[in-house]
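**Q** Attaching a predicted model along with its sequence, questions to come.
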Number of protein chains: 2
Amino acid sequence: MIDLMLSHRSIRKFRETEIPEHILNKILHAGTRASTTGNMQVYSMVVTTKQEIKEKLWSAHFSQNMVLEAPVHITFCADFNRFSLWCRNRKAEPGYDNYLSFFTAAIDALLVSQNVALAAEAEGLGICYLGTATYNADQIVEILELPELVVPVAAIVMGYAAEQPELTDRLPLEGVVHKEKYKNYVSAEIDRIYAEKESLAQTLELLKDNQKETLAQIFTDNRYSKKDNQFFSAKYLKTITDQGFMNNS
Amino acid sequence: MIDLMLSHRSIRKFRETEIPEHILNKILHAGTRASTTGNMQVYSMVVTTKQEIKEKLWSAHFSQNMVLEAPVHITFCADFNRFSLWCRNRKAEPGYDNYLSFFTAAIDALLVSQNVALAAEAEGLGICYLGTATYNADQIVEILELPELVVPVAAIVMGYAAEQPELTDRLPLEGVVHKEKYKNYVSAEIDRIYAEKESLAQTLELLKDNQKETLAQIFTDNRYSKKDNQFFSAKYLKTITDQGFMNNS
């Protein structure tokens, strides 16, 4: 199990081979065994395989080719709709149209998604998370016809790998673990934690290609800029609000 | 791997046996191999073992005894502090003080947490998630001395199990999976999806003990009431804001 985790790499190129239904169901079933808050299971998985819908999702996910190539696309949603319907049908008045409920449901969806990702890898499949699920959540709501109290929080593509990429780098364990309490970082520690990442051949190549002095500048200026982050912050908060999760008083 | 997922149960009673450091490090290391957005790894794990700090966490986590009993307590945090420090030290201006960045970092932390949970179980340990990490996040910020741009999103307790509980129920797969698009539920489906849960012996016992007509009422009236959810919604949003993640324009 741990060996499987240690060999995880995101797969972005897929063979055309379909995933047999019994394999897919086994993977989804493994997902459902993740911990959820109070065992409420307030999440949904939308499994998309049809080309026509995948093309729309491809557009929402910044036209990343893997969305079209992968046979299976799963959108993980925070979902208090099903639970609230159940309450109403059982003489109970649901109070889940607020931010805490959204976040609780998001946690459920995300823990399930990681089980699904690992179970897929255990079955010899490759996966890649799409960070863009939160960026264009409003579009995904429309494409997948998500009702109130359902918000996409993550998406993965899944299929048989047509590439075998190298393991990507990770910060050293002491860079992400704090003992007892949080100990803030002094400059020398920051240097040590990021040293390996900064010295990789691919980093040096990136700097050259982008004509940047530091790797951090590629993140702040190109990949995850303040302007984009602010734009998508407002948009995602609007989606959370529009889907009915911001009635906090 | 999948068998391990299928046998997951939350453990709330622990033996006094410590977790050897090399085992704990192996588990945490497996955590770091989870997917993270753009490989930014914007999360932290705070590993608490000292009784004095655990007592404070116990209080923040609604005095659940497992917090005192378990030898190890891990708080998973959305963390853009380390990354932003790195940017500033590398002539790059970080723009991660906004909601999208919080949510991105929360996803990182939650995927890592599920790897850690599964790796712990693979090593013969038991774990339980504490839903209360978001409820009293403000107290946890103080106890663990979390700086700006660090917010707790989940916590688990970990140790050698002193109980072997039954598997808990799950909704049937068709209750949580939607094919192609979201298909909203009609009443008959809600009945079918919740039938097993509603007919469990423990459910009938709960109804009797709480003098309630339906299981849903136990959720809406006792466990997760609208009033509590609204209270903790405002509190968690305030923590996210106070920690500097709400500068969206």
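**A** Structure's in. What do you need?
**Q** Tell me where chain A has helices.
**A** A:2-6, A:21-32, A:51-60, A:65-69, A:81-88, A:99-122, A:132-135, A:137-143, A:173-176, A:187-199, A:201-210, A:215-217, A:226-242 (DSSP state H).
**Q** Now the residue most central in space within chain A. Nearest residue, chain neighbours left out?
**A** In chain A, the centroid-proximal residue (CA atoms, centre = their mean) is A:Ala154; its distance is 3.4 Å. For A:Ala154, ignoring the flanking residues on the chain, the nearest one in space by CB to CB, 6 or more residues apart in numbering or on different chains is A:Phe76 at 4.5 Å. Every C-beta, even on glycine, is put in place using the N, C-alpha and C of the backbone.
**Q** Can you name the residues that contact that neighbour?
**A** Going by CB atoms under 8 Å, 6 or more residues apart in numbering or on different chains, A:Phe76 touches A:43-45, A:109-110, A:112-113, A:116, A:133, A:152-156.
**Q** mind running it again at 6 Å?
**A** Residues in contact with A:Phe76 (CB atoms under 6 Å, 6 or more residues apart in numbering or on different chains) are A:Met45, A:Ala109, A:Ser113, A:Val153, A:Ala154.
**Q** per-residue pLDDT, the residue of chain A positioned farthest from its centre?
**A** Centroid-distance maximum for chain A: A:Lys91 at 35.3 Å, with CA atoms, centre = their mean. With respect to pLDDT, A:Lys91 has a value of 98.
**Q** Please name the residues that touch it.
**A** By CB under 6 Å, 6+ apart, A:Lys91 lies in contact with B:Thr214.
**Q** switch to 8 Å and redo it
**A** Neighbouring residues of A:Lys91 by CB under 8 Å, 6+ apart: B:Glu213, B:Thr214, B:Ala216, B:Gln217.
**Q** farthest-separated two in the residues you listed?
**A** Comparing every pair within the contacts of A:Lys91 by CB to CB identifies B:Glu213 and B:Ala216 as the most remote, at 9.3 Å.
**Q** Compare neighbour counts for these two and give me the winner.
**A** Taking other CB atoms under 10 Å in any protein chain shown, B:Glu213 and B:Ala216 do not tie; B:Ala216 has more neighbours (22 against 12).
**Q** Distance check, the more buried one against B:Leu110.
**A** 27 Å (CB to CB, to the nearest Å).
**Q** With A:Ser10 instead?
**A** For A:Ser10, the distance to B:Leu110 - CB to CB - is 17 Å.
**Q** Looking at the two, which is more packed in?
**A** For A:Ser10 versus B:Leu110, the count of surrounding residues by other CB under 10 Å is larger for B:Leu110: 26 against 16.
**Q** For the residue nearest to the more buried one when sequence neighbours are not counted, give me its contacts.
**A** Leaving aside its sequence neighbours, B:Leu110 sits nearest to A:Leu110 (CB to CB, 6+ apart; 4.2 Å). Counting by CB under 8 Å, 6+ apart, A:Leu110 touches A:Phe76, A:Val153, A:Ala154, B:Ile107, B:Leu110, B:Leu111, B:Gln114.
**Q** quick one: contacts for the fourth one?
**A** When contacts are counted by CB under 8 Å, 6+ apart, B:Ile107 touches A:Leu110, A:Gly131, A:Thr134, A:Val153, A:Ala154, B:Thr36, B:Thr37.
**Q** By residue count, which strand of chain A is the longest?
**A** strand A:150-159 (DSSP state E).
**Q** Which residues belonging to stretch A:159-173 are considered buried?
**A** Residues of stretch A:159-173 classed as buried by neighbour count (16 or more other CB atoms under 10 Å in any protein chain shown): A:Gly159, A:Tyr160, A:Ala161, A:Arg170, A:Leu171, A:Pro172.
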